[in-house]
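Trainee: Any chance you can model this:
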Amino acid sequence: MTAAIDVHGLRKSYGSKRVLDGVDLSVEAGTVTALLGPNGAGKTTTVHILSTLLRPDGGTALVGGHDVVRDAQAVRASIGLTGQFSAVDNLITGEENLLLMARLRHLGAKRSKQRVAELLEQFDLVEAARKPLATYSGGMKRRLDLAMTLVSRPDVIFLDEPTTGLDPRSRHTMWDIVRGLVAEGTTVLLTTQYLDEADELAGRIAVLDDGRIVAEGTPDELKRRVPGGHLTLRFDDVASLEAAAGLLTESERDAADLTLTVPGDGGVDTLRGVLDRLAAADVPVADLSIHTPDLDDVFFALTGRIDLKETAS
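Mentor: Residues are numbered from 1 along each chain as shown. This is a model prediction of the structure:
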């Protein structure tokens, strides 16, 4: 596959504060990559460099094959950017916002009207098209914001915390829109403060901490790198619990709940091995659950921090 975004050794400092310290990142065309990191890690700085809003101090970055420094105009022509805060004009209607963006993109009067009609339909804004933005909900404004990003059909889209402040229903609507864009071949680089959002949308995740990429891979690959997986077995009586604990000496028991926690990766082989040992000893299991590390565990293990919800970097 072809890399739509290709970054090598990217560096950026503000005075004595080094924000990016040799970032390497590759995003394949037609995929979603999520960039995660704690506050101040450099996520938004990276996006701003890739979208030509900032000039790097060193390293190289290609977007759509164009250098962000030497070919900035070509980069701008091929990308769309939706930032953390809505860029819509609240003094005009949704349709007028889209028409303004279409004209700024030099689509021409006829093509502008046609493209605006397409986007209003795609983003379920037809009924609200000619209403003032003061009547729009937060979710509607974010949909309009993304629609404005797509006026010129960009090949690469940067979504910088696009669902911040949205209710769960609006977040899921945005997720469906992003999935649809990727299905059509659009490349998406997503920064988000919600780990479940990265898990839902991203084929690959890069974790940025202290200006460097500290881990990269698919969500499942990253989860497998973190210890903490286990099986929880529940028994109907103390005798069964004690018998199981005697067989599974690496386990931890909870006599009050009649449960036994057995370390494991949650894989089929681990599960089968535990159940076979208990069955061979005629120890019945009433119930079981499997816990595998999630992205919260990954984030905490890699950065020493677990709460992204206040992240605004």
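Trainee: going forward, measure contacts between C-alpha atoms and count neighbours the same way
Mentor: Noted.
Trainee: Excluding residues flanking it in the chain, which one is nearest residue 27?
Mentor: residue 5 (5.0 Å; Cα to Cα, 6 or more residues apart in numbering).
Trainee: Next, count neighbours for that neighbour.
Mentor: Number of residues near residue 5 (other Cα atoms under 10 Å) recorded here: 21.
Trainee: Could you pull up the residues touching it?
Mentor: For residue 5, the residues meeting the contact criterion (Cα atoms under 8 Å, 6 or more residues apart in numbering) are 25, 26, 27, 28, 29, 61, 62, 63, 64, 65.
Trainee: Just flag the most distant two among those residues.
Mentor: By the measure Cα to Cα, 29 and 61 form the most distant pair in the contacts of residue 5, at 15.1 Å.
Trainee: which of those two has more neighbours?
Mentor: Set side by side, residue 29 and residue 61 give different neighbour counts by other Cα under 10 Å, the larger being at residue 61 (25 against 19).
Trainee: any idea which element the more buried one lies in?
Mentor: Secondary-structure assignment from DSSP states H and E places residue 61 in strand 58-63.
Trainee: what about the helices in the stretch 151-300 of the chain?
Mentor: In chain order, the stretch 151-300 of the chain shows helices spanning 168-183, 195-201, 219-224, 238-247, 268-280, 295-303, with DSSP state H, counting those that start in this stretch as the criterion.
Trainee: buried set for the shortest one?
Mentor: Within helix 219-224, the residues that qualify as buried are 219, 220, 222, 223, 224, counting by 16 or more other Cα atoms under 10 Å.
Trainee: for the second one, same thing?
Mentor: Taking 16+ other Cα under 10 Å as the basis for neighbour counts, the residues of helix 195-201 that come out buried are 195, 197, 198, 199, 201.
Trainee: contacting residues for the spatially most central residue of the chain?
Mentor: Nearest to the mean C-alpha position of the chain, by Cα atoms, centre = their mean, lies residue 198 at 2.8 Å. With contact set as Cα under 8 Å, 6+ apart, residue 198 has these partners: 34, 190, 192, 205.
Trainee: Pull out the buried residues from those.
Mentor: The buried subset of the contacts of residue 198 - by 16+ other Cα under 10 Å - is 34, 190, 192, 205.
Trainee: so what's the second one up against?
Mentor: With contacts taken as Cα under 8 Å, 6+ apart, residue 190 has the following neighbours: 32, 33, 34, 35, 158, 159, 160, 161, 198.
Trainee: any chance of the residues you listed in a markdown table, plus distance to residue 49?
Mentor: As requested, the contacts of residue 190 are arranged in a markdown table below (distance: Cα to Cα, whole Å):
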| residue | distance to residue 49 |
| --- | --- |
| 32 | 18 |
| 33 | 17 |
| 34 | 16 |
| 35 | 14 |
| 158 | 11 |
| 159 | 14 |
| 160 | 13 |
| 161 | 16 |
| 198 | 21 |
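Trainee: wait, which of those residues is closest to residue 17?
Mentor: Where the contacts of residue 190 are concerned, and distances follow Cα to Cα, residue 17 has its nearest neighbour in residue 35, at 20.7 Å.
Trainee: Tell me which other helices or strands the host helix or strand of the closest one touches.
Mentor: For residue 35, the element it lies in under DSSP H and E is strand 32-36. When contacts are defined as 3 or more Cα pairs under 8 Å, 6 or more residues apart in numbering; DSSP states H and E, strand 32-36 sits against strand 187-191, strand 204-209.
Trainee: ok, now with 10 Å
Mentor: Applying 3 or more Cα pairs under 10 Å, 6 or more residues apart in numbering; DSSP states H and E, one finds that strand 32-36 makes contact with strand 17-28, helix 43-50, strand 156-160, helix 168-183, strand 187-191, helix 195-201, strand 204-209, strand 212-217.
Trainee: Could you check the angle that strand makes with helix 168-183?
Mentor: 130 degrees (axes from the mean of the first three to the mean of the last three Cα atoms, to 10 degrees).
Trainee: now the end-to-end length of stretch 99-119.
Mentor: Using Cα to Cα, to the nearest Å, the span of stretch 99-119 from its first residue to its last is 11 Å.
Trainee: residues of it that come out buried?
Mentor: 99, 100, 101, 102, 107, 112, 113, 115, 116, 117, 119.
Trainee: Run the chain-centre distance for the helix or strand containing the first one.
Mentor: With elements taken from DSSP H and E, the one containing residue 99 is helix 94-104. The gap between where helix 94-104 is centred and where its chain is centred comes out at 28 Å by Cα atoms, centre = their mean, to the nearest Å.
Trainee: contacts for it?
Mentor: Outside helix 94-104, the residues that touch it by Cα atoms under 10 Å, 6 or more residues apart in numbering are 87-91, 93, 105-109, 111-117, 119-120, 125-126, 128-133, 136, 140-141, 144-145, 147-152.
Trainee: same deal with stretch 230-239?
Mentor: Contact with stretch 230-239 is made by 240-242, 244-245, 251-267, 270-271, 274-275, 283-293, as judged by Cα under 10 Å, 6+ apart.
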